[in-house]
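Colleague: Need coordinates for the following:
(2 chains)
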Number of protein chains: 2
Amino acid sequence: MTDKVVSVYGYGRFGRLWADILAEDFRVKVYSRRGLHADDVPAGIEVSDAQGIFHCNALFFCVAISSFAEVLEKARPYCRRETLFFDTCSVKVFPVRWMKKHLPADSQIIATHPMFGPDSYPPQTARKPAMVMCNVSAGAALFAEWVDYFTARSLQVELMTPAMHDRMSAYSQGISHFMGRVFEDLHLQPTAIDTHGFTMLLEVMAQTCSDSRQLFVDLQRYNPYAGQMRQDLRKSMDKVAATLQLFDQADRHR
Amino acid sequence: MTDKVVSVYGYGRFGRLWADILAEDFRVKVYSRRGLHADDVPAGIEVSDAQGIFHCNALFFCVAISSFAEVLEKARPYCRRETLFFDTCSVKVFPVRWMKKHLPADSQIIATHPMFGPDSYPPQTARKPAMVMCNVSAGAALFAEWVDYFTARSLQVELMTPAMHDRMSAYSQGISHFMGRVFEDLHLQPTAIDTHGFTMLLEVMAQTCSDSRQLFVDLQRYNPYAGQMRQDLRKSMDKVAATLQLFDQADRHR
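Modeller: From the prediction side, this is the model:
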């Protein structure tokens, strides 16, 4: 695979990391709508323009979920038949729908969610970082080739449909990010008497709030299952709180 | 201090651990309302009856918060002038009120909250387990002697008033236990794509739900600040959720 030219469209927190990872195996080109100079990227990575970035064998979109549909609309005239398209969004149902709608009809498309970022890669533990992959319209052999490649790069490839991914992540990544922002709004802070459990809540807050607010909002808004998750969370909170109300207040004052 | 006789009233999860810790330095007697045989306790610890347990220099009540007022009412006739009374409840305002009300008027009383249990003691990290102490009515020298003793036992003694303790712990221990029970009600479970943050939420759930349901209920009901904490939590959840509603649903379907 190493003779391939691979493009990274978008050069934010994740795009930067992703380009570095891919550059270990491919000739990598990067593009940012905000503009990039050769000085902004590590040696060996090429800065490309809005049109040149599409001259490649594979292109990874590493843009905010909320700007992805617009990016795709603008991309269409530059897309080339030999390019395999990937997204890397943290939700999958809507991005897949957008790619099918806006990319040329015969495009080969693979949806992915690399479940790590600059804070967690390279991993500090023996556990491999997960990489979700859904084949949208690539040939089976080409898809298998990329699955094998990411597996060889020590990622734990998980194959699932966009709906499976979004449902599962609403009740894992989605709930952590939501609670992290709730704890932030509550101004939770370390005390002299922190329990182990509370220390972990503080860590969830710190970790999720180090991601951009845009990512948080997009994770909630563009995951079709996140609204239900938030409703379930609220229902469980009310249910647990209600069991406490059965108590007769007067009993406390004996 | 080692010539002292120290009683542990209540022999549940915490009383058992506490008796073992104290038995390293004192002659320890234990009593349980459920009844105890000599076989139920380690060698060196003495089983006492409902009256004999009060023949001691210091007595630690290790009973459920919700039964403490009743235990104190029954204890009154057996209390002796030479005994220093301690509670070990996870909340402090109500237990202190109950001790002042039910123990003989001239009793020396110290309120404590040893912030560890069988799951976290002995500690696995270098961080010392915290031990909250409030002097209710003990002589200053006697109080200092016990502060020094627990400090020498490698506990991080934190001095604070009952109200300070309950306010602080409502927003640390209280919120962790509440969220742990909410996550349990939601049936959260590990997935193939757990993020680090989600793994920590699962750990909070497992840890807090390994304590008895009675402890959870008592922590919430008998902490005068817990109701406000739960209201604040709900308000923050609604606030964070509301910021997401500003989004135009139609925008997702481009």
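Colleague: now the strands: where do they sit in the stretch 1-150 of chain A?
Modeller: A:5-9, A:27-31, A:45-47, A:58-61, A:84-87, A:108-114, A:130-135 (DSSP state E, counting those that start in this stretch).
Colleague: Can I get these in CSV including mean pLDDT?
Modeller: What follows is those, written out as CSV (pLDDT from 0 to 100):
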stretch, mean pLDDT
strand A:5-9, 98
strand A:27-31, 98
strand A:45-47, 97
strand A:58-61, 98
strand A:84-87, 98
strand A:108-114, 98
strand A:130-135, 97
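Colleague: So which of the ones you listed is nearest chain B?
Modeller: strand A:130-135 (4.8 Å; Cβ to the nearest Cβ). Heads up, the C-betas are built off the backbone N, CA and C, glycines and all.
Colleague: and that closest one, how far from the chain's centre?
Modeller: The chain centroid and the centroid of strand A:130-135 are separated by 11 Å under Cα atoms, centre = their mean, to the nearest Å.
Colleague: relative orientation of it and strand A:108-114 in degrees?
Modeller: On the basis of axes from the mean of the first three to the mean of the last three Cα atoms, to 10 degrees, strand A:130-135 is oriented at 160 degrees to strand A:108-114.
Colleague: How much space separates residue A:21 from residue A:121?
Modeller: To residue A:121, residue A:21 is 8 Å away according to Cβ to Cβ, to the nearest Å.
Colleague: In the stretch 101-250 of chain A, mark out all the helices, start to finish.
Modeller: Here the stretch 101-250 of chain A has its helices, by DSSP state H, counting those that start in this stretch, at A:140-152, A:162-170, A:173-185, A:196-209, A:213-221, A:226-245.
Colleague: Could I have the CA atoms of the first one written out in PDB?
Modeller: The C-alpha coordinates for helix A:140-152 follow below in PDB (Å, rounded to 0.1, in the frame of the first residue of the first chain):
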ATOM      1  CA  ALA A 140     -15.000  -5.900  -0.800                       C
ATOM      2  CA  ALA A 141     -11.300  -6.500  -1.500                       C
ATOM      3  CA  LEU A 142     -10.400  -2.800  -1.200                       C
ATOM      4  CA  PHE A 143     -12.400  -2.600   2.100                       C
ATOM      5  CA  ALA A 144     -10.600  -5.800   3.400                       C
ATOM      6  CA  GLU A 145      -7.200  -4.200   2.400                       C
ATOM      7  CA  TRP A 146      -7.900  -1.200   4.600                       C
ATOM      8  CA  VAL A 147      -9.200  -3.300   7.500                       C
ATOM      9  CA  ASP A 148      -6.000  -5.200   7.400                       C
ATOM     10  CA  TYR A 149      -3.900  -2.100   7.200                       C
ATOM     11  CA  PHE A 150      -5.500  -0.500  10.300                       C
ATOM     12  CA  THR A 151      -5.300  -3.900  12.100                       C
ATOM     13  CA  ALA A 152      -1.600  -4.000  11.300                       C
END
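Colleague: For that helix, give the mean pLDDT please.
Modeller: What helix A:140-152 shows for mean pLDDT is 98.
Colleague: ok, now the last one?
Modeller: Across helix A:226-245, the average pLDDT comes to 94.
Colleague: touching chain B at all, it?
Modeller: Yes. Contact of helix A:226-245 with chain B (Cβ under 8 Å from any Cβ of the partner chain) involves A:230, A:232, A:233, A:234, A:236, A:237, A:239, A:240, A:241, A:243, A:244.
Colleague: Pull out the buried positions in that helix.
Modeller: By neighbour count on 16 or more other Cβ atoms under 10 Å in any protein chain shown, the buried set for helix A:226-245 is A:226, A:227, A:229, A:230, A:232, A:233, A:236, A:237, A:240, A:241, A:244.
Colleague: cool, and the fifth one?
Modeller: Applying a neighbour-count criterion of 16+ other Cβ under 10 Å, one finds A:215, A:216, A:217, A:218, A:219, A:220, A:221 buried in helix A:213-221.
Colleague: Kindly report the same for the fourth one.
Modeller: Taking 16+ other Cβ under 10 Å as the neighbour-count basis, helix A:196-209 is seen to contain the buried residues A:196, A:197, A:198, A:200, A:201, A:202, A:204, A:205, A:207, A:208.
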